[in-house]
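Enquirer: build me a model:
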Amino acid sequence: MSALFPGTREHRQEVEGTGIFARIGGAGPPLLLVHGFPQTHAMWHRLAPVLMQHFTCVMPDLRGYGRSACPPNTPGNEAYSKRVMAQDLVGLMTGLGHDRFTVVGHDRGARVGYRMALDHPNAVSRLAVLDIVPTYAMWRNFTVRLAMKTYHWLFLAQPVPLPEMLIGGNPVAFLDYTIASWTKDKSLSSFSAEALADYRTCFAQAERIHATCNDYRAGATCDLAADEQDRAQGRMITCPLLALWGSAGIPSETASPLAAWREWCASAEGHGIDSGHFLAEENPEATLAALLPFLRRDAH
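Expert: Predicted structure coming up:
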């Protein structure tokens, strides 16, 4: 991993009894970069060299992913809720001396990011979400096309042991097929050999297959319930929000990704990028061109 992230250091921290791994590099205001399924912090390797010129970049692995711990699930799936994952990362950042910071999240990491902005508004100064719409909008607006593209939402959330059993027979083939199917060109060509090897190695571990399924079980239960409660109470994201999505990504199947975010944030902006789901790896140049002006606005 040092070849992907020269000039960075590894950091391990216990947060409320859960070991969280992070890679840290750069200098300047703190920037938290949060990966998604079925990846690790390695997904940031094409953006990190530029971002580290402007920010102190903290790139964790979410609980259940990469090199972070896989705590046991709880009956209501709260152990893998985005609320608890957000608490992990607020604790990580606080432990590093960062009480207020900017967040960029992709996929599940973006769901952790917007939950963090809702639950910890004093901690998150700006939020960028890559290729998602809110969980509330996803579950309530499934079309046939969207459901076919995101079948994993229903598959991974099935009760133990169905998805674990089916994935466990050949986890690398499942990972390769899944991420290739979400790219614009339907191949693995956008992923560096080193990053892909990291995704394969980490995902193939039985405890991480189980943990990532628990992540999606939480998405269908307590994560949705948290969003429903926020909507019922009229809670909004108060920090500025940038939404970016791939022209062939998952939110591209929805009516209007930006409109979905404007229901949750009064200060939401954004646009599509020529990419599939993996903006940071498929089109890092356009992703940086959109991110940097937003991230550096008011930065000091």
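
Enquirer: quick one, strands of the stretch 1-150 of the chain?
Expert: With DSSP state E, counting those that start in this stretch as the criterion, the stretch 1-150 of the chain has strands at 9-15, 18-26, 30-34, 56-60, 101-106, 124-130.

Enquirer: which of the ones you listed sits closest to M43?
Expert: Nearest to M43, of all the strands of the stretch 1-150 of the chain, is strand 101-106, at 6.6 Å by C-beta to C-beta. Placement of C-beta: from N, CA and C, glycine included.

Enquirer: packing partners of that closest one?
Expert: strand 30-34, helix 108-119, strand 124-130, helix 284-296 (3 or more C-beta pairs under 8 Å, 6 or more residues apart in numbering; DSSP states H and E).

Enquirer: at 7 Å what do you get?
Expert: With contacts taken as 3 or more C-beta pairs under 7 Å, 6 or more residues apart in numbering; DSSP states H and E, strand 101-106 sits against strand 30-34, helix 108-119, strand 124-130.

Enquirer: for F101, what are its contacts?
Expert: Applying C-beta atoms under 7 Å, 6 or more residues apart in numbering to F101 gives the contacts 30-32, 93, 123, 125.

Enquirer: so which residues make contact with the helix or strand bottoming out on mean pLDDT in the chain?
Expert: Lowest mean confidence among the helices and strands of the chain (mean pLDDT, DSSP states H and E): helix 144-149, at a mean of 91. The contact list for helix 144-149 (C-beta under 7 Å, 6+ apart) reads 250, 253-254.

Enquirer: quick one: contacts of the helix or strand following it?
Expert: Using DSSP states H and E, the next helix or strand after helix 144-149 towards the C-terminus is helix 151-156. By C-beta under 7 Å, 6+ apart, the list of residues contacting helix 151-156 from outside reads 163, 178, 212-213, 216, 219.

Enquirer: buried residues, helix 151-156. List them.
Expert: 152-153, 156 (16 or more other C-beta atoms under 10 Å).

Enquirer: same check on stretch 204-221?
Expert: Within stretch 204-221, the residues that count as buried by 16+ other C-beta under 10 Å are 204, 208-221.

Enquirer: farthest-apart pair in the contacts of helix 151-156, please.
Expert: Taking C-beta to C-beta, no two of those sit farther apart than T178 and G219, at 15.9 Å.

Enquirer: neighbours around A259, how many?
Expert: A259 has 12 neighbouring residues, counting by other C-beta atoms under 10 Å.

Enquirer: from S267, how far off is it?
Expert: Per C-beta to C-beta, to the nearest Å, A259 is found 14 Å from S267.

Enquirer: could you give me the average pLDDT of stretch 92-99?
Expert: Average pLDDT, stretch 92-99: 98.

Enquirer: which non-adjacent residue is nearest the residue positioned nearest the centre of the chain?
Expert: With distances taken as C-alpha atoms, centre = their mean, G109 lies nearest the centre of the chain, 1.7 Å away. Closest residue to G109 apart from its sequence neighbours, by C-beta to C-beta, 6 or more residues apart in numbering: V34 at 3.1 Å.

Enquirer: report pLDDT for that neighbour.
Expert: Note on V34: pLDDT of 99.

Enquirer: beta-bridge partners for it, please?
Expert: Per DSSP bridges, the residues bridged to V34 are G105.

Enquirer: that one contacts D107, correct?
Expert: No - using C-beta atoms under 7 Å, V34 makes no contact with D107, being 9.1 Å away.

Enquirer: higher neighbour count, those two?
Expert: Remark: of V34 and D107, V34 carries more neighbours, 29 against 23, as counted by other C-beta under 10 Å.

Enquirer: list the contacts for that one?
Expert: Applying C-beta under 7 Å, 6+ apart, the residues near V34 are 60, 62, 89, 103, 105, 109, 112-113.

Enquirer: output those residues as a markdown table; include the columns distance to E194 and pLDDT.
Expert: Compiled in a markdown table, the contacts of V34 are given as follows (distance: C-beta to C-beta, whole Å; pLDDT from 0 to 100):
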| residue | distance to E194 | pLDDT |
| --- | --- | --- |
| P60 | 19 | 98 |
| L62 | 20 | 98 |
| L89 | 24 | 98 |
| V103 | 25 | 98 |
| G105 | 22 | 99 |
| G109 | 20 | 98 |
| V112 | 24 | 98 |
| G113 | 25 | 98 |
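
Enquirer: could you work out the most separated pair of those?
Expert: Top of the distance list for those (C-beta to C-beta): L62 and V103, 12.9 Å.
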